[in-house]
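**Q** Sharing a model that was predicted from the sequence below.
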Amino acid sequence: GENVEQHPSTLSVQEGDSAVIKCTYSDSASNYFPWYKQELGKRPQLIIDIRSNVGEKKDQRIAVTLNKTAKHFSLHITETQPEDSAVYFCAADNFNKFYFGSGTKLNVKP
Amino acid sequence: NAGVTQTPKFQVLKTGQSMTLQCAQDMNHEYMSWYRQDPGMGLRLIHYSVGAGITDQGEVPNGYNVSRSTTEDFPLRLLSAAPSQTSVYFCASSYSTLNYGYTFGSGTRLTVV
């Protein structure tokens, strides 16, 4: 099956700074890569996704980039705010199921 | 739409007991999955289904059974609970995993003593 690795496991930034979370995957057959945000005690919620035929996608302060040749993709959050504090998960679709990274705990300090 | 509904929200079991975690979705999604979430280990796939009558194993299927008799329902059965099954369980569904992410249920926090 697919193996998704995510780094860093924790990330602390000052409010207004940018944050970058990186993921790698192992199976070149994976073609769809969603990102989820999970606040404490809540369910994961989809925040952005990217398909393999696209190199970059942006939605306001968040963006995702994909390098299919290198098999890695990244989440970029600009102008971070305290409400961005959460755990973020990357995932890769592989034959009708999603494999998740181990998560990044983002702490945005006011 | 209620989305993905999971019950119960909390459960305490004794070692060796069995139980069923319920999951229902009203979005006519074909794809449904069960994940467990443990600290530092992300979300690990237990079982998944690509439609009514079709199920398959994920990364950590031992000790769990599933069935999918209807599009809406995807229950997870713990056969003989063990302390290692203490976790938060999430059910999730999707219209198509090729183009859409999951919608998650609110989770079940299970403690096995």
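**A** The structure has been received and is ready for your questions.

**Q** Tell me which strands the helix or strand containing A:Ala92 pairs with, and in which orientation.
**A** Using DSSP states H and E, A:Ala92 falls within strand A:86-93. Here strand A:86-93 is paired, per DSSP bridges, with strand A:32-38 (antiparallel), strand A:98-100 (antiparallel), strand A:104-109 (antiparallel).

**Q** got a list of contacts for that strand?
**A** A:2, A:4, A:6, A:21, A:23, A:25, A:27, A:30-40, A:44, A:47, A:73, A:75, A:98-101, A:103-106, B:42-43, B:97-98, B:101 (C-beta atoms under 8 Å, 6 or more residues apart in numbering or on different chains). Glycine gets a C-beta too; all of them are placed from N, C-alpha and C.

**Q** try 6 Å this time
**A** A:2, A:4, A:6, A:21, A:23, A:25, A:30, A:32-39, A:98-101, A:103-105, B:97 (C-beta atoms under 6 Å, 6 or more residues apart in numbering or on different chains).

**Q** got the contact list for the nearest residue to A:Asp27 once chain neighbours are set aside?
**A** Excluding its sequence neighbours, the residue lying closest to A:Asp27 (C-beta to C-beta, 6 or more residues apart in numbering or on different chains) is A:Glu2, at 4.6 Å. Counting by C-beta under 6 Å, 6+ apart, A:Glu2 touches A:Asp27, A:Ser30, A:Ala92, A:Asn94, A:Tyr99.

**Q** what about 8 Å?
**A** Taking C-beta under 8 Å, 6+ apart, one finds A:Tyr25, A:Ser26, A:Asp27, A:Ser30, A:Ala92, A:Asn94, A:Tyr99 in contact with A:Glu2.

**Q** where does A:Glu39 land on pLDDT?
**A** With respect to pLDDT, A:Glu39 scores 96.

**Q** quick one, what contacts it?
**A** Per C-beta under 8 Å, 6+ apart, neighbours of A:Glu39: A:Ala86, A:Val87.

**Q** try 10 Å
**A** Neighbouring residues of A:Glu39 by C-beta atoms under 10 Å, 6 or more residues apart in numbering or on different chains: A:Gln45, A:Glu83, A:Ser85, A:Ala86, A:Val87.

**Q** Which strand residues bridge the first one?
**A** With DSSP bridges applied, A:Gln45 shows beta-bridge pairing to A:Lys37.

**Q** residue boundaries of the strands in chain B?
**A** B:4-7, B:10-13, B:19-25, B:31-37, B:43-51, B:54-57, B:64-66, B:76-78, B:87-94, B:103-104, B:108-112 (DSSP state E).

**Q** As a quick check, tell me the outermost residue of chain B.
**A** B:Asn99 (21.2 Å; C-alpha atoms, centre = their mean).

**Q** I figured it hits A:Ile50, correct?
**A** No - using C-beta atoms under 10 Å, B:Asn99 is not in contact with A:Ile50, being 11.1 Å away.

**Q** which residues are common contacts for these two?
**A** Counting by C-beta under 10 Å, 6+ apart, the residues touching both B:Asn99 and A:Ile50 are A:Asn31, A:Tyr32, A:Pro34.

**Q** tell me the pLDDT at the second one?
**A** Reading off the per-residue confidence, A:Tyr32 sits at a pLDDT of 93.

**Q** How about A:Pro82?
**A** pLDDT at A:Pro82 comes out at 96.

**Q** For it, give me its contacts.
**A** Counting by C-beta under 10 Å, 6+ apart, the residues that A:Pro82 touches are A:Glu15, A:Asn107, A:Val108, A:Lys109, A:Pro110.
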